[in-house]
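*Asks:* coordinates only, sequence not included:
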């Protein structure tokens, strides 16, 4: 089975950050580790409204409400629980004081779930509030009876709108799978992720050694093409001045950015050659137009 369809087999790295969200600004504190997580289950509230014409359903309108995230952890320290649930905490005595009037702050949560053996899905919910805090304890018996701590997180869309595919929209969740070559999880938990924190890829371009227009190139020299981004697909051929194809061996570097073209035999002296690059596409979907690199051997 293709690894992108792997089952969810674990969850870890549960983080949270306090959020400030207005029509003009979205900001979050530096994420903190929340607690060791046992289970995270998310379910969006959806509603389907069909319309009928001529006695048959003609359209179906789908709306989405909040997403309820049920989080089971080993435990949450009283100090941290007070912050998450909007309770009072007495620093002098180290006590959580519950008035029964919760005032939870806006919080973002992030975590990752295992996909199959080695991959992950990384997730951030941009804004929501915690409630619950179900905790149980039972007397010790001859068997170990482990009780966990459960929190309910209700995720909503941001007030701030972000530019997404040319339109201004709020966000509720951002996630990405490491099975997608375009997704880079580096720094995922260093800050809350939004469309404004993702770095757009460099424009796809290529440089060559020898450079186009070079002369006195050694007849035994390889041709090296270096791309700005990891390449998903390409085709390349080497032809001589009579437009005859030259047999080559081609290899690509482990980072997917460098293609080396090695002529099977030494090139002819004082001869013009051209490298023709076609259908080059990077992992971000960017394409290069047909590129020709001309050079002359010594």
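*Replies:* Good, I have the coordinates. Since the structure is predicted, the reported quantities are computational estimates derived from the model, not experimental observations.

*Asks:* quick one: the helices in the stretch 51-200 of the chain?
*Replies:* 78-85 (DSSP state H, counting those that start in this stretch).

*Asks:* show me the shaky parts of it.
*Replies:* Counting by pLDDT under 70, the stretch 51-200 of the chain contains low-confidence residues at 133-147.

*Asks:* all strands for it, in order.
*Replies:* Secondary structure of the stretch 51-200 of the chain (DSSP state E, counting those that start in this stretch): strands at 56-73, 88-90, 95-97, 107-115, 119-135, 149-155, 162-164, 167-169, 173-177.

*Asks:* report the buried residues of the fifth one.
*Replies:* Residues of strand 119-135 classed as buried by neighbour count (16 or more other CB atoms under 10 Å): 119-130, 133. Heads up, the C-betas are built off the backbone N, CA and C, glycines and all.

*Asks:* closest to residue 74 among the residues you listed?
*Replies:* residue 133 (13.7 Å; CB to CB).

*Asks:* what comes into contact with stretch 31-50?
*Replies:* 11-17, 57, 59-76, 80, 84, 108-111, 113, 148-149, 155, 189-192 (CB atoms under 8 Å, 6 or more residues apart in numbering).

*Asks:* do the same with stretch 243-256
*Replies:* 230-232, 236-240, 258-265, 267, 273, 283.

*Asks:* and this protein, what are its domains?
*Replies:* 3-177, 206-297 (automatic domain parsing).

*Asks:* residue 197: which of these is closest?
*Replies:* With CB to CB as the yardstick, what comes closest out of the domains of the chain is domain 3-177 (9.0 Å).

*Asks:* how far does that closest one stretch from one end to the other?
*Replies:* 11 Å (CA to CA, to the nearest Å).

*Asks:* how about stretch 233-253?
*Replies:* Where stretch 233-253 begins and where it ends lie 13 Å apart, using CA to CA.

*Asks:* pLDDT on that stretch, on average?
*Replies:* Mean pLDDT, taken over the full extent of stretch 233-253, equals 94.

*Asks:* what do you get for stretch 284-298?
*Replies:* Stretch 284-298 shows a mean pLDDT of 91.

*Asks:* for stretch 201-220, which positions count as buried?
*Replies:* 201, 204, 206, 208, 210, 217.

*Asks:* next: stretch 112-121.
*Replies:* 112, 113, 114, 115, 116, 119, 120, 121.

*Asks:* widest-spaced pair of those residues?
*Replies:* Pairwise over those, using CB to CB, the maximum falls at 112 and 116, 13.2 Å.

*Asks:* columns distance to residue 295 on top of the buried residues of stretch 112-121, output as JSON lines?
*Replies:* JSON lines is the format used below for the buried residues of stretch 112-121 (distance: CB to CB, whole Å):
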{"residue": "112", "distance to residue 295": "47"}
{"residue": "113", "distance to residue 295": "50"}
{"residue": "114", "distance to residue 295": "49"}
{"residue": "115", "distance to residue 295": "45"}
{"residue": "116", "distance to residue 295": "46"}
{"residue": "119", "distance to residue 295": "42"}
{"residue": "120", "distance to residue 295": "44"}
{"residue": "121", "distance to residue 295": "46"}
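
*Asks:* and which of those is nearest residue 225?
*Replies:* Among the buried residues of stretch 112-121, residue 119 lies closest to residue 225 (CB to CB), at 29.4 Å.

*Asks:* go ahead and flag the most central residue of this structure.
*Replies:* Residue closest to the mean C-alpha point of the chain, counted by CA atoms, centre = their mean, is residue 176 at 3.3 Å.

*Asks:* and for the closest residue to that one other than its chain neighbours, the neighbour number?
*Replies:* Spatial nearest neighbour of residue 176, excluding adjacent residues (CB to CB, 6 or more residues apart in numbering): residue 183 at 4.0 Å. Neighbourhood size, residue 183 [other CB atoms under 10 Å]: 16.

*Asks:* residue 76 now?
*Replies:* Residue 76 - counted by other CB under 10 Å - has 21 other residues nearby.
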